[in-house]
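Visitor: Based on what follows, work out the 3D shape:
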Amino acid sequence: MKIRVEPSGTEIEIDPNKTLLQLCHENGIHINSLCKGQPKCAECRVKIVKGDHNVIPPTSIELSLLGNNYYLDGRRLSCQVRAFGDVSVDVSEQIEREALAHKKVRGFRSMNKQHQSHAVLDTMILQEGPPSGKSQSDEGRGPKK
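Guide: Okay, here's the model as predicted:
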């Protein structure tokens, strides 16, 4: 009796004393779980593709975490699934989450190019060179009368 993990096609020997989460972790298949196997976070969701009659039905606690997803697409919490016969499980949702977690951009990145500041001693220079209409010799003098 085996658990077939899709999309990789890995097969794991069933141990009815261990949950699907435990079996996957022991065999190098990452399934995210924030609560470490306590039915509290619902991060370890997997989809039972075949053999749902070979797993114990969900408890009321698991159903409260899963909501209608259990009835719509057969997703279960891997920390609660114990198999006693051949089962096929899809963990592609877990793989996608792990890939997205590594691609997240932290902080704000502007798409505009950064402009070099021309600030000098608390004074901002708005344009380079002398102002239009004045020569450099006029700058040192006071206002014209």
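
Visitor: Buried residues in the top helix by length along the chain, which are they?
Guide: Within the chain, and with DSSP state H defining each element, the longest helix by residue count is helix 92-103. Buried residues in helix 92-103, defined by neighbour count with 16 or more other C-beta atoms under 10 Å: Gln94. From N, CA and C alone the C-beta is placed, and that goes for glycine too.

Visitor: From here on, call the first residue 789.
Guide: Okay, residue one is now 789; in that scheme the one you just asked about reads as helix 880-891.

Visitor: Could you list the low-confidence segments of the protein?
Guide: Low-confidence segments of the chain (pLDDT under 70): 889-933.

Visitor: which residue ranges form the strands in it?
Guide: Taking DSSP state E, the strands of the chain run over residues 790-794, 798-801, 833-838, 863-865, 875-878, 907-908, 911-912.

Visitor: Let me have those in JSON lines, extended by distance to Gly855 and mean neighbour count.
Guide: Below are the strands of the chain laid out as JSON lines (distance: least, C-beta to C-beta, whole Å; neighbours: other C-beta atoms under 10 Å):
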{"stretch": "strand 790-794", "distance to Gly855": "23", "mean neighbour count": "19"}
{"stretch": "strand 798-801", "distance to Gly855": "28", "mean neighbour count": "14"}
{"stretch": "strand 833-838", "distance to Gly855": "11", "mean neighbour count": "19"}
{"stretch": "strand 863-865", "distance to Gly855": "10", "mean neighbour count": "24"}
{"stretch": "strand 875-878", "distance to Gly855": "19", "mean neighbour count": "22"}
{"stretch": "strand 907-908", "distance to Gly855": "55", "mean neighbour count": "8"}
{"stretch": "strand 911-912", "distance to Gly855": "56", "mean neighbour count": "8"}
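
Visitor: Can you verify my assumption that Ala830 contacts Leu854?
Guide: Yes. If you go by C-beta atoms under 8 Å, Ala830 and Leu854 touch, sitting 6.6 Å apart.

Visitor: Overlap of the contact sets of these two?
Guide: Leu865 (C-beta atoms under 8 Å, 6 or more residues apart in numbering).

Visitor: one step back: what angle sits between the longest helix of the chain and strand 790-794?
Guide: Relative orientation of helix 880-891 versus strand 790-794 (axes from the mean of the first three to the mean of the last three C-alpha atoms, to 10 degrees): 50 degrees.
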